[in-house]
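Participant: how does the following fold in three dimensions:
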Amino acid sequence: MLLTRIKGPRDLDRLSQEELTQLAAEIRSFLVDAVSKTGGHLGPNLGVVELTIALHRVFESPKDKVLFDTGHQAYVHKLLTGRQDFAGLRSKGGLSGYPSRAESDHDVIENSHASTVLGWADGLAKANEVLGREDHHVAAVIGDGALTGGMAWEALNNIAAAKDRPLVIVVNDNERSYGPTIGGLANHLATLRTTDGYERFLARGKEILERTPVVGKPLFETLHGAKKGLKDFIAPQGMFEDLGLKYIGPIDGHDIEALESALQRAKRFSGPVIVHCLTQKGRGYTHAEQDEADRFHGIGPIHPDTGLPVKASAASWTSVFADEMVKLGHERKDIVGITAAMLHPVGLKKFADTFPDRIYDVGIAEQHAATSAAGLATGGVHPVFAVYATFLNRAFDQVLMDVALHKCGVTFVLDRAGVTGDDGASHNGMWDMSILQVVPGLRLAAPRDAEQLRAQLREAVEVKDAPTVVRYSKGVVGPAVPAVGKVGGMDVLRLPAPEVTRPDVLLVSVGALAPMCLEIADLLDKQGISSTVVDPRWVKPVDEAMAPLAERHRVVVTVEDNGRTGGVGAAVAQALRDAGVDVPLRDFGIPQRFLDHALRKEIMAEIGLTAPDIARQVTGLVAKLDGRFESEPAATVD
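Facilitator: A predicted model of the protein is given here:
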């Protein structure tokens, strides 16, 4: 096999065009076989095989910087830079699903949030200029979907201002992000995609006119002088050139020779260049090519021969939300849905199919989505913006200053909240409950099971004068956790024995961690430690009944699937201080550090967010209150 002979990018230099074609086929076969076992981003990588080969033939990584936006299309890059052990892809100790500086000097951007690569490229090109590194180049690969993000255009505005600063921007145009790319930019790229190039038109015109007696040649020269206008008329790539960017393309993104030629021309140019490549997401794997949803964008383990999942999927948090949104849509004509290029992943596809006039896909533009939602709410409808928890970070200012300040009734539904695991640091939804705590008037719900998700979503969309947030985990929704009582707006999940006059522990359970908190209570009970377990349901604002309830216990323990800094535990502690309740509080959550990719349960064990770990520490804390083990301080979660 040719692939096994590739230990680094320069090994590609020795291959003929015929061998490169064979290598591309081997890479596709490798990807289907490997990713079908582990799961991962299959479709995007099948689409960039030839493009990545050409990039590494033309540019000299790691001296030249080859950047990917987003990094889920970097599997081929990993293979060509000496990383061909995919057995542990996205697993603890194995390869990351995104570029990783810890893995290779060839990797630059680890952040897998879209539309950032052009900002990185701009900075790297400026650094080359400042340090006089004329033999260093920067090539940034950005998908057409990522070009819908505002950050990309902010960067283009700066890149275009430096006419003599070399920078190659490769637009990987496959008409998709997760699903089909939408919006004005998508329409423009479609025009470029489907219109014959003006150069061919001009060449044919020259041939005809030069055969025309007397007026032919002068007329051709006049037309050639006006080619900018002709270009806009015949192949309107003028949008890019009006910015001051040289445009090359469209190029067949599966023709290695054509790609190399285009990239070589771009590399030699003394200013910023856009190379527009047309690729096919999922190329070479029939099941991916025929998948209308997302071309196998991200998959779990599948049977490679059939493309079907190895395991039947159980009901997920996302599917519960999806079904309830359709029910709400039937009941209320003012409910509309918003997604940032993730209609399928966040569960709005059913709503879109049922109410096609009430769904808005804004592209990869979370900031715009939030502000547009404020406008929708002001206009008299109730928008539900469904987004991954980690991506709401990008719209914080808009949540604060556009939605909350104007008291707009907008509901944000945060999917993949908490530890998500295998996609690595940038995909863990561990920041939302911290950053949203500072937003005045905002109300935040963390449902513990499917029934509560349905109920709290309905409660959220009833709020007309403030932003509401409903956040839930990734994956399969667990069994129902019934309440045994109510205190204020909080559900009581477990009570101590009737004879206990002052229980030892008030255990505050946040969201999907309820089953674990009940397990903690069982373990404490075996140590003779009594506890009450409550689910606040709405964790912001802190329920007024929390302080009086805490005062009737000896210690308060909060457990959340969020960063400890500024999280629910911190908010409860502040509420107790404000109420003058002097009860010790311990907050358990995610330590404030970037977590390596691994299974969720492995990460939870690593950070001590498990029932035995927490029960052990709480036992030590209670023992200390009893005056036992005074010389042995309680351990900390960090």
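Participant: Ala293 touches His344, doesn't it?
Facilitator: Yes - Ala293 sits in contact with His344 when judged by CB atoms under 8 Å, with a separation of 5.4 Å. For every residue, glycine as well, the C-beta is placed using N, CA and C.
Participant: show me which of those two is the more surrounded one.
Facilitator: The neighbour comparison of Ala293 against His344 (other CB atoms under 10 Å) goes to His344, with 18 against 12.
Participant: so where does Leu453 fall, helix or strand?
Facilitator: Taking DSSP states H and E as the criterion, the element that holds Leu453 is helix 450-461.
Participant: would you list every one of the strands in the stretch 401-550 of the chain?
Facilitator: Ranges of strands within the stretch 401-550 of the chain are 411-415, 443-445, 468-471, 485-487, 490-494, 505-509, 531-535, 538-540, based on DSSP state E, counting those that start in this stretch.
Participant: packing partners for the last one?
Facilitator: Read it as strand 538-540. strand 443-445, helix 568-578 (3 or more CB pairs under 8 Å, 6 or more residues apart in numbering; DSSP states H and E).
Participant: now it, how far from the chain's geometric center?
Facilitator: For strand 538-540, the gap between its own C-alpha mean and the chain's C-alpha mean amounts to 25 Å (CA atoms, centre = their mean, to the nearest Å).
Participant: tell me which strands it pairs with, and in which orientation.
Facilitator: strand 443-445 (antiparallel) (DSSP bridges).
Participant: identify the single longest helix in the chain, thanks.
Facilitator: Of all the elements of type helix in the chain, the one with the most residues (DSSP state H) is helix 17-38.
Participant: what packs against it?
Facilitator: Packed against helix 17-38, as judged by 3+ CB pairs under 8 Å, 6+ apart, are the following elements: helix 43-46, helix 49-58, helix 75-80, helix 256-268.
Participant: for these, give me CSV that also has distance to Gln398 and mean neighbour count.
Facilitator: As requested, the helices and strands packed on helix 17-38 are arranged in CSV below (distance: least, CB to CB, whole Å; neighbours: other CB atoms under 10 Å):
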stretch, distance to Gln398, mean neighbour count
helix 43-46, 28, 28
helix 49-58, 34, 25
helix 75-80, 33, 26
helix 256-268, 36, 18
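Participant: show me where the stretch 51-200 of the chain has helices.
Facilitator: Counting by DSSP state H, counting those that start in this stretch, one finds helices in the stretch 51-200 of the chain at the ranges 75-80, 117-130, 150-161, 184-194, 198-209.
Participant: what sits up against the helix holding Leu453?
Facilitator: When contacts are defined by CB atoms under 8 Å, 6 or more residues apart in numbering, helix 450-461 is touched by residues 315, 317, 320-321, 324-325, 328, 332, 335, 382, 384, 411, 413, 443, 445, 447, 468-470, 472, 477, 480, 535, 537-538.
Participant: same thing with stretch 379-388?
Facilitator: By CB under 8 Å, 6+ apart, the list of residues contacting stretch 379-388 from outside reads 321, 325, 332, 334-340, 342, 345-348, 366, 369-370, 372-373, 376-377, 395, 409-416, 427, 429, 461, 464.
Participant: mind running it again at 7 Å?
Facilitator: Stretch 379-388 is contacted by residues 325, 334-340, 346-348, 366, 369-370, 373, 376-377, 409-416, 429, 461 when judged by CB atoms under 7 Å, 6 or more residues apart in numbering.
Participant: quick one: buried residues of it?
Facilitator: Across stretch 379-388, burial judged by 16 or more other CB atoms under 10 Å covers Val381, His382, Pro383, Val384, Phe385, Ala386, Val387, Tyr388.
Participant: ok, stretch 534-548 next?
Facilitator: By neighbour count, and taking 16+ other CB under 10 Å as the criterion, the buried residues in stretch 534-548 are Val534, Asp535, Pro536, Arg537, Trp538, Val539, Lys540, Val542, Asp543, Met546, Ala547.
Participant: just the CA coordinates of it, formatted as CSV?
Facilitator: The C-alpha atoms that make up stretch 534-548 are tabulated as CSV, following Å, rounded to 0.1, in the frame of the first residue of the first chain:
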residue,chain,number,x,y,z
VAL,A,534,-33.6,18.3,46.0
ASP,A,535,-33.7,19.2,42.3
PRO,A,536,-34.1,23.0,41.9
ARG,A,537,-35.4,22.6,38.4
TRP,A,538,-34.8,26.2,37.7
VAL,A,539,-31.2,26.9,38.9
LYS,A,540,-31.3,30.6,38.1
PRO,A,541,-32.5,32.5,40.0
VAL,A,542,-31.9,30.5,43.1
ASP,A,543,-35.3,29.5,44.6
GLU,A,544,-36.3,31.6,47.6
ALA,A,545,-37.0,28.4,49.5
MET,A,546,-33.4,27.3,49.2
ALA,A,547,-32.0,29.3,52.2
PRO,A,548,-34.6,28.3,54.7
